[in-house]
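Trainee: quick one, structure for this:
(one chain, ligands or ions: 1)
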Amino acid sequence: MTAALHVCRHCDDPITDPDDAVEVAYEHGNSGPGWSIWAHRAHAHLVEPDPVPLLILARLAAFKATHRDV
Ligand SMILES: [Zn+2]
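Mentor: Here you go, the predicted structure:
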């Protein structure tokens, strides 16, 4: 049995040493289970949350603030 190969969220390189893999986050799936986000031990503190959902929510809030009759 082989361990699953993880990819670092920060540098996108495969994490070849299982002892070097750090689980930094968990993303929920739209249908079914989600998945873990991994990073190299040296890169774990550099992984930022996914900014895309925050940008979408910010655009919606700005649109609603300027279009009150919609
Ligand atoms: Zn890395």
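Trainee: which residues does the closest residue to residue 38 other than its chain neighbours contact?
Mentor: Ranked by C-beta to C-beta, 6 or more residues apart in numbering and with sequence neighbours excluded, the top spatial neighbour of residue 38 is residue 6, at 3.7 Å. Just so you know, the C-beta spots here come from the backbone N, C-alpha and C atoms, and that holds for glycine as well. When contacts are counted by C-beta atoms under 8 Å, 6 or more residues apart in numbering, residue 6 touches 14, 15, 21, 36, 38.
Trainee: try it again at 7 Å.
Mentor: Going by C-beta atoms under 7 Å, 6 or more residues apart in numbering, residue 6 touches 15, 21, 38.
Trainee: nearest to the ion, of these?
Mentor: Using C-beta to the ion, residue 15 is the member of the contacts of residue 6 that sits closest to the ion, with 7.0 Å.
Trainee: for the closest one, which residues are in contact?
Mentor: Contacts of residue 15 by C-beta under 7 Å, 6+ apart are 6, 7, 8, 21, 38, 40.
Trainee: burial of the one residue in the chain that gets nearest to the ion, as a residue count?
Mentor: With C-beta to the ion, the shortest gap between the chain and the ion falls at residue 8, namely 3.1 Å. Using other C-beta atoms under 10 Å, residue 8 is surrounded by 23 other residues.
Trainee: that one reaches residue 42, doesn't it?
Mentor: No. Under the contact definition of C-beta atoms under 7 Å, residue 8 does not touch residue 42, with a separation of 9.4 Å.
Trainee: burial of residue 41, as a residue count?
Mentor: 13.
Trainee: OK, contacts around it?
Mentor: Contacts were defined as C-beta under 7 Å, 6+ apart; by that measure residue 41 touches 20, 22.
Trainee: check the burial of residue 54 by counting its neighbours.
Mentor: What residue 54 shows, counting by other C-beta under 10 Å, is a neighbour count of 10.
Trainee: alpha carbons of the helix or strand hosting it, as PDB, please.
Mentor: For residue 54, the element it lies in under DSSP states H and E is helix 51-66. Once side chains and other backbone atoms are set aside, the C-alpha atoms of helix 51-66 remain, and they are given as PDB (Å, rounded to 0.1, in the frame of the first residue of the first chain):
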ATOM      1  CA  PRO A  51      -9.400  34.700  -1.500                       C
ATOM      2  CA  VAL A  52     -11.900  34.000  -4.300                       C
ATOM      3  CA  PRO A  53     -15.000  33.400  -2.100                       C
ATOM      4  CA  LEU A  54     -14.200  36.600  -0.100                       C
ATOM      5  CA  LEU A  55     -13.800  38.600  -3.400                       C
ATOM      6  CA  ILE A  56     -17.200  37.300  -4.600                       C
ATOM      7  CA  LEU A  57     -18.900  38.200  -1.300                       C
ATOM      8  CA  ALA A  58     -17.300  41.700  -1.400                       C
ATOM      9  CA  ARG A  59     -18.500  42.300  -4.900                       C
ATOM     10  CA  LEU A  60     -22.100  41.300  -4.000                       C
ATOM     11  CA  ALA A  61     -22.000  43.500  -0.900                       C
ATOM     12  CA  ALA A  62     -20.800  46.500  -3.000                       C
ATOM     13  CA  PHE A  63     -23.400  45.800  -5.700                       C
ATOM     14  CA  LYS A  64     -26.200  45.600  -3.100                       C
ATOM     15  CA  ALA A  65     -25.000  48.800  -1.400                       C
ATOM     16  CA  THR A  66     -25.200  50.800  -4.700                       C
END
